Every structure is written in C-alpha cells, then in structure tokens.
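Peer 1: Sequence first, predicted coordinates after that:
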Amino acid sequence: MSFPTDNDVKLTQVRDQHRFDEKKLQSYLQKHLDDNFEAMEILQFEGGQSNPTFQLSIPERSFVLRKKPPGKLLKSAHQVEREYRVMSALRDTDVPVPETLHLCEDESIIGTPFFIMDMVPGRVLMDTHLPSFSPDERSALYKSFIKSGATLHRVDYQSVGLETFGRSGNYYARQVHRWSEQYVASQTQKNESMDAMMAWLPHNIPDSEETSIVHGDFRLPNCIIHPTEPKIVALLDWELSTIGHPLADLSYWCSGLFHGDTEFPENYKELGLMSEQEGLDLYCELTHRPPIEHWNFYVAFNLFRSAAIRQGVYKRGLDGNASSDKWQETGEGAMRAAHRAWNLVQEAGLA
C-alpha cells in the first residue's frame, strides 16, 4: 500500500527491542484469518510511542498489528485489549474506526497480547497546522475532526455493549487518581508544578455527571485523513478510551493545539484555522449543549495528564523499552506540560 506524499507516516525495519518470532506469527495468522500469509512482510511504524505498531503486508492487502511493549509495564497501561473491544463495538456506528479482525491474548505467540485490524488508506499528519493544506481544506478538516468527536460522544455506550467498559460518574476524580499514580510510578526527577497540580486537582473538579465514550487521545495525529479529501476516515489509538466525561476529549485536543509546545498562529483566520472558542462553539452546536463552564479546569487537567503520559514514555525509554527513538524528547515535554497546567490555574485565579 502506498501513501500520498503529504503523509507523516514512516515505516522502518522492526526495531531490535521489538523483534519477535515472525514465522510463529505467520503460522498463527494463517490459522485464524482467511487470507494467505505465506509471503508476509513486516515493517514497524515510527509512531506508536506507547504500543508498538506494525504493518503486515501480503500481496492482496495490508493489515496493522498493535501489541503491548516488552518489559515490565505500569498498572492499567498499554491495554490493547481495550482498543480492540471499543473499536469492535463502534464498527456499526457512524464513528470512523478501522475494522478489527482478531485479538490474541496468548503471550506465547509474539511475547505480548496483540490485535489485528484492517489498514485504512489515507494520510496521517503530525503538524496540526497542516502546512500542505489550503485554507479551505484546513477549515473543512478541522470541522470534520470536531464532528468525529461529537459523533463519538453521541453514541449510546450501553446500546453498543460497552456498559462495563468503565464506570459512569466521578470520571475526573478517578482520572486524577490514576494519572497521579502513573506519574509517581514513573517519576525520574522533581517537578514542582506536577506536585502542585496533584494537590490542586482533586479539590476543584466541576460538578458534572455527563457520561459518554471517551477516546482518551483525541488529536489530529491519531486520525487517518482521506487520501485526497479533507475529512477524517478513521480514529486510531484507542488505548486510553473509557466511559467518562465527553469534555475530556475536546479539552485534550485544545490543550495540545492552543496550550501546547507549538504557538498557535495569530493569522489563523486567513490560514483557515479556527480559534479555541470557535471550536467549542461548533462542538456545542453539534452536540446540542449549552456554552461550556469551568473550561480552564478541563484544559489544565489535560495538560497534567499529558505530563504524566510523557513521563511514562520517558521512563520506558530509560528502561530500554521505548516504542520509538523519539522518547528522549518526552522528559522535557512532561516538564513543560506540567508548568503550563499550573500556570493556567494561577493565571485564571483558581489557585
């Protein structure tokens, strides 16, 4: 399968730390899927910082394999089984997801659990400012992206069999506790901003019991864009999905785009980009909800969560189990995200 030139997807040979018995995998797939895997070629995606991801190619078609990384893993992390379950449940909804084909929980095959899904043709772009797009294309793609999130949050999670996928209510209390534990377990240096956020967050959670399916890593680089059109054709990387509060996804996207490492351009209108408020207004229109209150809390929480995730990636890199060679960057990224979170709280007069 070939991709258009404006695609940030990079494929490499399987990295040494992620090698497995390819013949054993080939034999296993031959038994459990209908296709012929005798002439299978395996390459590794450069992305997938958390769960190593591979392209499996046979003459007729291509597949994607997602697996847990090797080594000792943090509690509740790298849950490829959850990815498989939620994408399978969403298959017959309007949410764009790849078709899941098989889950293997037998660690004796390639060393860790894994699943196979269909490979969706399209583009994956890491630069959310979309330099290769025209202003009209940027505008259309941003609207398509927000629509995909709104569509997900409108799904009745019970009707698609996800009533046990997570607990309803108290989402942020559970998340703050979880990511505080994850951060402490992977901490490698003192981060005063992170300490301040862990103390502040539990006492400032808005009173809202809204419940929906939450993607958990809702951002443009986790989407496949149509090969030639500015629209989302698949949402990827569902490892962190759960039943939770819908604004977690929207605020996660905004925390990265408008409060992240890259400065949002001042001339965004002429570039076809939308402001943070315009994004919120469109989401509210699509989900038929009133204007959002306590927005700074949601953004600050997601910056805190991002810091915890990046710290986990950095710790795995130090331990020799990183899924990408870019892990060295995530230690500094964790510090920056925590500082921005605490600064946002202070600037809003909430501390």
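Peer 2: Thanks, I have the structure now. Every value quoted in this text rests on a predicted model; they were computed, and no experiment measured them.
Peer 1: Start from the N-terminal end of the stretch 51-200 of the chain and give the strands.
Peer 2: 53-57, 62-67, 100-104, 114-118 (DSSP state E, counting those that start in this stretch).
Peer 1: Mind giving me the packing neighbours of the first one?
Peer 2: Translated: strand 53-57. For strand 53-57, the elements it packs on are strand 41-45, strand 62-67, judged by 3 or more Cβ pairs under 8 Å, 6 or more residues apart in numbering; DSSP states H and E. Every C-beta, even on glycine, is put in place using the N, C-alpha and C of the backbone.
Peer 1: closest to Glu347 out of these?
Peer 2: Taking Cβ to Cβ, strand 41-45 is the member of these nearest to Glu347, at 37.9 Å.
Peer 1: So what touches the closest one?
Peer 2: Strand 41-45 is touched from outside by 9-15, 18, 22, 25, 52-58, 65, with contacts defined as Cβ atoms under 8 Å, 6 or more residues apart in numbering.
Peer 1: Give me the angle between it and strand 53-57.
Peer 2: 150 degrees (axes from the mean of the first three to the mean of the last three Cα atoms, to 10 degrees).
Peer 1: I'd like the average pLDDT over strand 41-45.
Peer 2: The average pLDDT for strand 41-45 rounds to 95.
Peer 1: any idea of the angle it forms with strand 62-67?
Peer 2: 60 degrees.
Peer 1: Any idea how far strand 41-45 is from the middle of the chain?
Peer 2: Here strand 41-45 is found 21 Å from its chain centre; the criterion is Cα atoms, centre = their mean, to the nearest Å.
Peer 1: so what strands line up beside that strand?
Peer 2: Sheet pairing of strand 41-45 (DSSP bridges) gives strand 11-12 (antiparallel), strand 53-57 (antiparallel).
Peer 1: on contacts alone, who are the packing partners of the helix or strand following the first one?
Peer 2: Sequence-wise, the next helix or strand beyond strand 11-12 is helix 22-32, with elements assigned using DSSP states H and E. Using 3+ Cβ pairs under 8 Å, 6+ apart as the contact criterion, the secondary-structure elements in contact with helix 22-32 are strand 100-104.
Peer 1: Can I get the lengthiest helix in the chain as CSV, trimmed to CA atoms?
Peer 2: In terms of residue count, the longest helix belonging to the chain (DSSP state H) is helix 295-318. Output in CSV follows, covering the C-alpha atoms of helix 295-318 (Å, rounded to 0.1, in the frame of the first residue of the first chain):
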residue,chain,number,x,y,z
TRP,A,295,-13.2,25.3,30.8
ASN,A,296,-9.9,26.2,32.4
PHE,A,297,-10.2,23.2,34.7
TYR,A,298,-10.7,20.8,31.8
VAL,A,299,-7.7,22.2,29.9
ALA,A,300,-5.4,22.3,33.0
PHE,A,301,-6.4,18.7,33.8
ASN,A,302,-5.4,17.5,30.3
LEU,A,303,-2.1,19.3,30.5
PHE,A,304,-1.5,17.5,33.8
ARG,A,305,-2.5,14.2,32.2
SER,A,306,-0.3,14.8,29.2
ALA,A,307,2.7,15.4,31.5
ALA,A,308,2.0,12.1,33.2
ILE,A,309,1.8,10.2,29.9
ARG,A,310,5.0,11.8,28.6
GLN,A,311,6.8,11.0,31.8
GLY,A,312,5.8,7.3,31.4
VAL,A,313,7.1,7.3,27.8
TYR,A,314,10.4,8.8,29.1
LYS,A,315,10.8,6.3,31.9
ARG,A,316,10.2,3.4,29.4
GLY,A,317,12.9,4.9,27.2
LEU,A,318,15.3,4.9,30.1
